[in-house]
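Peer 1: show me the folded form of this:
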Amino acid sequence: MRIARFETLRWRDICKAAPGNKRMMTITGRNGHHAVRTARNDAPEPRPSDDGRDEAPETPLDEPRPQPVKDPPAEPDKGPYVAALGLIVVLTSSMVACAHLGTPSKNNVAGRYVTAQGRLAAIRRAQVWSPTNVASMDVRQGPAADDGFKPNESVTCNYTEKKMNGRSPKFACLLGPEDQVKVKYGRHNGEVYAEVAATRLFWALGFASDRVYPVQVICRGCPPSIQDTALATIQRKIGKDIETSDGSGWAWKELDQVDPGAGGAPRAQRDALKLLAVFIQHTDSKPEQQRLICLDKGEKPAGDQSCEQTFMIVHDLGQTFGKANTFNRNSVGSVNLENWSKAPVWADSKGCVANLPKSWTGSLENPPITEEGRKFLADLLGQLTDAQLHALFEVSRFPQRVDAGGPAAAATIDRWVEAFKAKRNDIVQRSCA
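Peer 2: Numbering: from 1, shown residues only. Next up, the predicted model:
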């Protein structure tokens, strides 16, 4: 077996490099021969293929590989191909890691950001849950709001050119002069189904989340590359982001900084949130998938300004209801019944370490859960009726997600409800005392 060895590059060094700055990388192939390549830190992001699945980026390689003089090999030398593949993976990982390190925003306007101390104070008093009457929540209609949409409502909007973050098919569209929305689309895009179900589940249980509506979009002025918008979602954010100049969002370990003595959420609620993330297999848990928000009226906090109603919410729940996996693959981690039903809630037959393998972008991995946290979530899940569970998967259009994992993965609403209840029982019947 031939192994490609790479010179160690620190992600933080790559992130700090100016765009276009070259970084040297050594590829060691068979017989010890070396080829030196340069890689730019402004390489393109991974892009989705036509079926919504992720493809690796084409990494710029500026210098040709030296060709050493040697005897012809007895068989074709596949070492360079293995090395090139490894190079792509390393560079792609580096780009993802840059997001974790909080690259400053291009719109660094004075007065827009809080200080590091202000952010920490907001986290210390943050909430994650609000009391709610679970059994009364209308899961099919979703959160009531003046700017909301009915299930499968036909929405016409005007395409607007805007660079969108992430890799799933999406675009920006104008509903009115001051009303720009993010549209995710495509029947092969698992996030179109998963985000509706996950956000409505969080909302019904009392865990704050952004509002996601299942719609059909008629796009005026969309480029020919944007097709299949009859299956789409529109997202409405809640609250105002509490940001520093290094970025926004939060890593899951920061939940441990919440201080009940400062008015923050108790440990039971925070552990329940972690366990709920495991329950739905929230594989892509990088910091920007979560939001630290202020629900106060008025302007967003800046400088050392405080916020009375601070919440830590999960923002992007598109990679859920599948199986957590290293590369956050759409077909594996997003609405795949076979994978989700086989993914255990707990890492072991005893104890309360929850089962969520860490993805390459993730910030949550196999979290320990207290008995108080387990019981808190078990009590909430137990209040959901069968009618609500059927409505949850119906409004999210799960039966139309027929291609994830092949025809065998196609599932009826009844099968999804059965899998949900089995996982719920695993939480209810476990003891973490």
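Peer 1: need the contact list for the residue nearest to D414 when sequence neighbours are not counted.
Peer 2: With sequence-adjacent residues excluded and distances taken as Cβ to Cβ, 6 or more residues apart in numbering, D414 is closest to H390, at 8.0 Å. All C-beta atoms are positioned from the backbone trio N, CA, C, and that covers glycine. Going by Cβ atoms under 8 Å, 6 or more residues apart in numbering, H390 touches 413-414, 417.
Peer 1: I123 should be in a helix, yeah?
Peer 2: Yes - assignment of I123 by DSSP: H, G, I helix; E, B strand; the rest coil places it within a helix.
Peer 1: begin at 10 from now on, thanks
Peer 2: New numbering, starting at 10: the last item is I132.
Peer 1: how many residues are close by it?
Peer 2: Counted with other Cβ atoms under 10 Å, residues neighbouring I132 total 21.
Peer 1: which residue is the nearest non-sequential neighbour of it?
Peer 2: In space, I132 is closest to Q266, 5.1 Å off (Cβ to Cβ, 6+ apart).
Peer 1: how near is that neighbour to T253?
Peer 2: To T253, Q266 is 15 Å away according to Cβ to Cβ, to the nearest Å.
Peer 1: which of these two has more neighbours?
Peer 2: Taking neighbours as other Cβ under 10 Å, Q266 and T253 compare with T253 leading, 19 against 13.
Peer 1: quick check: pLDDT value at that one.
Peer 2: With respect to pLDDT, T253 scores 92.
Peer 1: what does A420 give?
Peer 2: A420 carries a pLDDT value of 83.
Peer 1: how about the CA coordinates for the longest strand seen in the chain, as PDB?
Peer 2: Counting residues, the longest strand found in the chain (DSSP state E) is strand 220-229. Extracted in PDB, the C-alpha atoms of strand 220-229 (Å, rounded to 0.1, in the frame of the first residue of the first chain):
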ATOM      1  CA  ARG A 220     -38.900  29.300  11.100                       C
ATOM      2  CA  VAL A 221     -38.700  27.200   7.900                       C
ATOM      3  CA  TYR A 222     -41.700  26.900   5.600                       C
ATOM      4  CA  PRO A 223     -42.300  24.200   2.900                       C
ATOM      5  CA  VAL A 224     -43.300  26.000  -0.200                       C
ATOM      6  CA  GLN A 225     -43.400  25.900  -4.000                       C
ATOM      7  CA  VAL A 226     -41.400  28.700  -5.500                       C
ATOM      8  CA  ILE A 227     -42.000  30.400  -8.900                       C
ATOM      9  CA  CYS A 228     -38.700  32.300  -9.500                       C
ATOM     10  CA  ARG A 229     -38.700  35.300 -11.900                       C
END
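Peer 1: tell me what it is packed against?
Peer 2: In terms of contacts (3 or more Cβ pairs under 8 Å, 6 or more residues apart in numbering; DSSP states H and E), strand 220-229 is packed against strand 162-169, strand 179-185, strand 188-194, helix 200-214, strand 241-245.
Peer 1: looking at the ones you listed, spot the one closest to S368.
Peer 2: Closest to S368 of the helices and strands packed on strand 220-229 is helix 200-214 (Cβ to Cβ; 14.9 Å).
Peer 1: ok, now which ones touch the residue most central in space within the chain?
Peer 2: Closest residue to the average C-alpha location of the chain: D293 at 3.9 Å, with Cα atoms, centre = their mean. Contact analysis of D293 by Cβ under 8 Å, 6+ apart lists 325, 327-328, 337, 342, 368, 370-371.
Peer 1: restricted to helices, list those.
Peer 2: G342 (DSSP state H).
Peer 1: now distance to G151, pLDDT and neighbour count too, for the contacts of D293, in a markdown table please.
Peer 2: Converted to a markdown table, the contacts of D293 look like this (distance: Cβ to Cβ, whole Å; pLDDT from 0 to 100; neighbours: other Cβ atoms under 10 Å):
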| residue | distance to G151 | pLDDT | neighbour count |
| --- | --- | --- | --- |
| D325 | 17 | 96 | 27 |
| G327 | 17 | 97 | 30 |
| Q328 | 20 | 97 | 31 |
| N337 | 26 | 95 | 24 |
| G342 | 23 | 95 | 30 |
| S368 | 28 | 96 | 23 |
| T370 | 28 | 93 | 21 |
| G371 | 27 | 95 | 22 |
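Peer 1: which one of the contacts of D293 is nearest to Q409?
Peer 2: G327 (15.9 Å).
Peer 1: tell me the spacing between that closest one and C303.
Peer 2: Taken as Cβ to Cβ, the span from G327 to C303 is 24 Å.
Peer 1: just say helix, strand or coil for G360.
Peer 2: Going by three-state DSSP: G360 is coil.
Peer 1: which non-adjacent residue is nearest it?
Peer 2: Using Cβ to Cβ, 6+ apart, the nearest residue to G360 is C441, at 7.5 Å.
Peer 1: ditto for F429
Peer 2: Per Cβ to Cβ, 6+ apart, closest to F429 is L398, 5.7 Å.
Peer 1: name the element the one you found belongs to?
Peer 2: helix 395-404 (DSSP states H and E).
Peer 1: hmm, back to that, relative to A274, how far out is the residue nearest to I132?
Peer 2: Taking Cβ to Cβ, one finds Q266 at 11 Å from A274.
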